[in-house]
Each structure stands twice: as C-alpha cells, then as structure tokens.
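Asks: This is a predicted model, with the sequence first.
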Amino acid sequence: MGAWASYGLGSENENFPGYVVLNGGQIPSGGLDNFSNGFLPATHRGNLLNAIGTPLANVKPNEKIAQAQEIKRRLAQQLNRGTAGGVEALESAIANHELAARMQLAIPEVMSLDRETEATKKLYGFDAEYKHTQTYARECLIARRLIERGVRFVELTIPMVNGYQRWDAHNDLVTNHSTNARAVDQPIAGLIRDLKSRGLLDETLVVWTGEFGRTPFAQGGKGRDHNEYGFSLWMAGGGVKPGVTFGATDEWGYRAVENPLQIHDLHATILHLLGINHEKLTYRFSGRDIRLTDVHGKIVKEILA
C-alpha cells in the first residue's frame, strides 16, 4: 500500500522518500518484505527509520571523508548512466543514491524534537510513566513532522512491549492487549488532536489496523487464534465520515455478516481518499497493466464524508 501510494503521489519534499516506516521496536511478521516495493521501481520501497536511537545507519556524514564520498558518488552516477541503457533498476539505484545524500541533511532535523513545545509533547505522552507510551509518542510526533514536510505515506510499528508479540495474542490475551493498548492509545489520540489543531486532519488519513481479527473462542485457555472471517480497523480524518460503524459480525463475533468487505475494497477506498482512481493507477509488469486492486475493489461510499 505504501509503495503504491508513493508510486501514485510521489513525495512533496525532494529530501525525503514518499514512503517512510518508523520502527518502534517490532517489525511485523514477514520482516522487511512488508515494506517492499514488489515489482514497482525501487524508489517506492519503504524507508525504515528507527524512532529510538540512531534513526538510520550512516545518516551523519563523516566530515573527514565527505569530499571523497561526493566524488565517488558522482563517479558512480556517471558510470551507471553510461551503462543504464534504459534499464529501470539502474535508474532507480541512481535516484536512491541521490536521495540518500539529501536525507543525510534532512533526517537529523526532522527527528530532532527540540523545537516542539512541552505542551505538545505532553499531549502525545512524552511524560507518561510507561516507557512504551513514550516510545510510541515519539513515533507519532515524528510522523506528524514527516507529514508536514510532504511525505505521503508514514507507517508506524509498535514498541517491543515486555516480550509480548504485537497484538498476536495466542496466549494471555488480556495482558497482551492491555499492555499494547497502553502503549499506543494516548499517542494516537494526541496525533489526531494535533493534526486537527494544525488544520492537517482533513487532508491526512489515519488508519489503525493489525493483521487479523481474533476468534471469539479460547485458544489454550487464555489466548485467541487468528480470525480471517471477522476483522475490524478504524480510520480518521482524510475525508472519512466521523462516528460511523460500517459492517458487523454475527452474534458470536466470528464472521462478518453485514456489509462484508475484502482487502481490495479497503485499498480502493484509501486510494480514492488520496485522490487516486484505483482502476486507473496501473503499472506495466509481466506483459499486462497491473493495479493494486487487481480486477477487484469497490469504494465504500457509505463511510465518506
């Protein structure tokens, strides 16, 4: 989704990629392939930044060898261009090298929160007693700063909460969900309030989602298994109608029985909210024009403001 948004919209800031992932400590199941560009050009791959510690390896240029690095970079670009011959992979590599050089200057500034007010930091939860709330608060505030600078798609991963695996609560569901929720609730609310106060919420779509629903019956006594038949997420801002629930599961909370949707419908709707026609955004690959929604997808107009 991030790669396709980057492909469709690009970035409004030449110093940042269109798709940035803020790592709070846990990478989703599947690893870095979750942020892959797939068959799209490599420039649309998710760029991973660490919210805590060094944001990106080698982001700070070594002043002693900076001049030599610049000479090598220019030479590599000349050699690449001389042999590219229309090969898209090389063109993407050239663009990525150029972007990396600009990011060395831009990332330290966007990751520094020195100019943010104490009131703003408190809103997000920087003063929370729970350290994981502080981590996610930093992620959410950096996300707002990236959005302000024209990054099109920002994805946040959750902190490593006391050894619990994300929201994947096969065991001890109550503790898992409670501690994970404690980490993210205040920062998310702070982000939405902050975006609204700055006039950014109307043009910024906030999406909260996980990988699966959970079964209404127990697994191993205290856990819940994956449930692909009933799954909820929420969205705010960006042209979404507030205070609306769309769809419902059966009386057991197991299967979607009212207005069931597929992932293609979600993608079609999100692209529509981003100003993109999901049927026209295509990429030529393997002999045909492919789109994110393949040959499926309908816009869920009932949730649009």
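Replies: Yep, it's here.
Asks: Kindly confirm whether my reading is correct that F285 touches F39.
Replies: Yes. Counting by C-beta atoms under 8 Å, F39 is a contact partner of F285 at 4.6 Å. (Glycine included, C-beta is placed from N, CA and C.)
Asks: Just checking: what are the partner strands of the longest strand along the chain?
Replies: What stands out as the longest strand in the chain, according to DSSP state E, is strand 213-219. Looking at strand 213-219 with DSSP bridges, its partner strands are strand 223-227 (antiparallel).
Asks: next structured bit after the partner strand?
Replies: Remark: after strand 223-227, the chain's next helix or strand is strand 234-237, criterion DSSP states H and E.
Asks: What lies in contact with the next helix or strand along the chain from that next one?
Replies: Counting by DSSP H and E, the element after strand 234-237 in chain order, helix or strand, is strand 248-249. Contact with strand 248-249 is made by 230, 255-259, as judged by C-beta atoms under 8 Å, 6 or more residues apart in numbering.
Asks: can you check stretch 132-145 too?
Replies: With contact meaning C-beta under 8 Å, 6+ apart, stretch 132-145 is reached by 22, 24-25, 49, 51-52, 110-111, 113, 116, 120-121, 124-126, 128, 154, 156, 158-162, 179, 182-184, 186-188, 190-191, 194-195, 198, 200.
Asks: Distance from the chain centre to that stretch, please.
Replies: Relative to the centre of its chain, stretch 132-145 is centred 13 Å away, using C-alpha atoms, centre = their mean, to the nearest Å.
Asks: and what of stretch 27-42?
Replies: Distance, centroid of stretch 27-42 to centroid of chain: 11 Å (C-alpha atoms, centre = their mean).
Asks: Repeat that for stretch 170-188.
Replies: 19 Å.
Asks: about what we covered before: which outside residues touch the longest strand of the chain?
Replies: 169-171, 173, 224-232, 252-254.
Asks: please redo it, this time with the cut-off set to 10 Å
Replies: With contacts defined as C-beta atoms under 10 Å, 6 or more residues apart in numbering, strand 213-219 is touched by 167-171, 173, 177, 223-233, 249-256.
Asks: Derive a PyMOL selection command for the buried subset of the contacts of stretch 132-145.
Replies: Selection of the buried residues among the contacts of stretch 132-145 in PyMOL, burial being defined by 16 or more other C-beta atoms under 10 Å:
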select buried, resi 22+24+25+49+51+110+111+116+120+121+124+125+126+128+154+156+158+159+160+161+179+182+183+184+186+187+188+190+191+194+195
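Asks: follow-up on the earlier one: kindly write the PyMOL command that selects the buried subset of the contacts of strand 248-249.
Replies: Of these, the buried ones can be selected in PyMOL as follows, counting by 16+ other C-beta under 10 Å:
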select buried, resi 230+256
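Asks: Can you go through the contacts of strand 213-219 and name the buried ones?
Replies: 167-169, 173, 223-224, 227, 229-231, 249, 253, 256.
Asks: Widest-spaced pair of the residues you listed?
Replies: Largest separation among those by C-beta to C-beta: G223 and A256, giving 21.9 Å.
Asks: ok, N171 touching R224?
Replies: Yes. Assessed by C-beta atoms under 10 Å, N171 is found in contact with R224 at 9.3 Å.
Asks: can you map out the helices along the stretch 1-150 of the chain?
Replies: For the stretch 1-150 of the chain, applying DSSP state H, counting those that start in this stretch gives helices covering 2-9, 66-84, 88-111, 118-124, 131-148.
Asks: Go through those and find the least confident stretch.
Replies: When these are compared by mean pLDDT, helix 66-84 comes last with a mean of 66.
Asks: Show me how far the longest strand of the chain is from its chain's centre.
Replies: The answer for strand 213-219 is 27 Å, by C-alpha atoms, centre = their mean.
Asks: For that strand, buried residues please.
Replies: Using 16+ other C-beta under 10 Å as the test for burial, strand 213-219 gives 213-215.
Asks: Mind exporting the C-alpha coordinates of that strand to PDB?
Replies: C-alpha atoms of strand 213-219 as PDB (Å, rounded to 0.1, in the frame of the first residue of the first chain):
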ATOM      1  CA  GLY A 213      -9.200 -10.400  13.900                       C
ATOM      2  CA  ARG A 214      -9.300 -12.800  16.900                       C
ATOM      3  CA  THR A 215     -11.600 -15.700  17.400                       C
ATOM      4  CA  PRO A 216     -14.400 -15.400  20.000                       C
ATOM      5  CA  PHE A 217     -13.400 -18.800  21.400                       C
ATOM      6  CA  ALA A 218     -10.400 -19.500  23.500                       C
ATOM      7  CA  GLN A 219      -7.100 -20.900  22.400                       C
END
